[in-house]
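Sequence and predicted structure, then a few things I'm wondering about:
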Amino acid sequence: MTARPAPTHSLESRVAALEASNRRLRGALGVAALVAIGPLLLAQVQPPPQTLEARRIRVVDASGNAVLDLAADDKGRASLRVREPNGQARAVLDGEGITLYSANGVVTASLRADNGLLLAPGGVRRVHLGNDSLVLGDADGAARVALEIDRGLLVADAKGVARVAAPAGSKADARGRRSYARSVNDADQRAETPIPDDEDLGETWFQVDEARQSADSPAWGPLSARISRALNRFRFERMPPGHGFDDFVSEVFV
């Protein structure tokens, strides 16, 4: 009896099924690869963004503490804040100006559109330059020298007593030259050495009590000593025409 060959259709069908499965697997891998690298390819094709839009940008340190904030409030006002890791603001920049703070939150300097320039090291006001005034303070923050458009020049001692006053009001002589009312006061704010105004500035006399000219006098600081020296220079001297209080001020403050 002759043996019959085994049918081959079963083996062929299995090979065909395996090839079909392999093709499907390759297709799936191709799609997965496109999904994975597609954003990278698009990023290389598209130009980088020119604008970054956000309501708030915060920079933190290694511990996660905010050290810089750039934000806009509900009214659209933007501000930049530099902070200590404990949250204390050290510098604030907004639409009105810039303010600097000490480690304990005290204003040490500011430049504001509505208040001018302020220098206050350690929280003590030493210089304030406003829109129409200049005020200098001592180590305790007390105003010692003030120059205002409406009030003129005022120099005070440590007790706040006006020692030198030059009001802003002035008068002009026939040749258009101006003279100013001014006085040097004692500790009780009495005008002990008034400096007169004359119609002719060429007749202006500068006089001062010599007892008050000592630079060692405790009631007179360095600025007052310069005032004394300036007064002494013009003492009993007849000023030439065209000279007057402006020359005296230049002698003191230049």
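Alright, I've got the coordinates.

Phi, psi for the residue nearest to residue 65 when sequence neighbours are not counted please.
Excluding the flanking residues, the one nearest residue 65 by C-beta to C-beta, 6 or more residues apart in numbering is residue 85, at 4.1 Å. From N, CA and C alone the C-beta is placed, and that goes for glycine too. When quoted as degrees, to the nearest 10, the phi and psi of residue 85 stand at phi -60, psi -20.

Residue 85 and residue 12, how far apart?
Separation of residue 85 from residue 12 (C-beta to C-beta, to the nearest Å): 75 Å.

So if I had to pick from the two, which one is more boxed in?
Each of residue 85 and residue 12 has its neighbours counted (other C-beta atoms under 10 Å); residue 85 has more, 13 against 10.

Residue 60 versus that one, what's the distance?
Residue 85 is 9 Å from residue 60, by C-beta to C-beta.

what touches both of these two?
Residues touching both residue 85 and residue 60 (C-beta atoms under 8 Å, 6 or more residues apart in numbering) are residue 67.

Provide a complete list of residue ranges assigned to helices in this structure.
9-45, 222-234, 245-253 (DSSP state H).

Now do the contacts for the residue nearest to residue 65.
With contact taken as C-beta under 8 Å, 6+ apart, residue 85 is in contact with 61, 63, 65, 67.

tell me the phi and psi of the second one?
Recorded main-chain torsions at residue 63 are phi -90, psi 0, according to degrees, to the nearest 10.

Read off the pLDDT value for the closest residue in space to it that isn't next to it in sequence.
Sequence neighbours aside, residue 85 is the residue nearest to residue 63 in space, at 6.8 Å (criterion: C-beta to C-beta, 6+ apart). Model confidence at residue 85, given as pLDDT, is 90.

cool, and residue 213?
Note on residue 213: pLDDT of 37.

what does residue 134 give?
89.

Ok, residue 236 next?
Looking at residue 236, its pLDDT reads 36.

Could you do residue 51 as well?
Confidence score, pLDDT, at residue 51: 81.

Same question for the one 4 residues further on.
At residue 55, the predicted lDDT confidence score is 85.

Kindly report the same for residue 120.
Here, the pLDDT recorded for residue 120 equals 91.

Contacts only, for it.
Applying C-beta under 8 Å, 6+ apart, one finds that residue 120 lies in contact with 106-109, 126, 141.

Show me which pair in those is furthest apart.
The span of the contacts of residue 120, defined through C-beta to C-beta, is set by 109 and 141 at 14.3 Å.

what about the two, which has more around it?
residue 109 (16 against 12).
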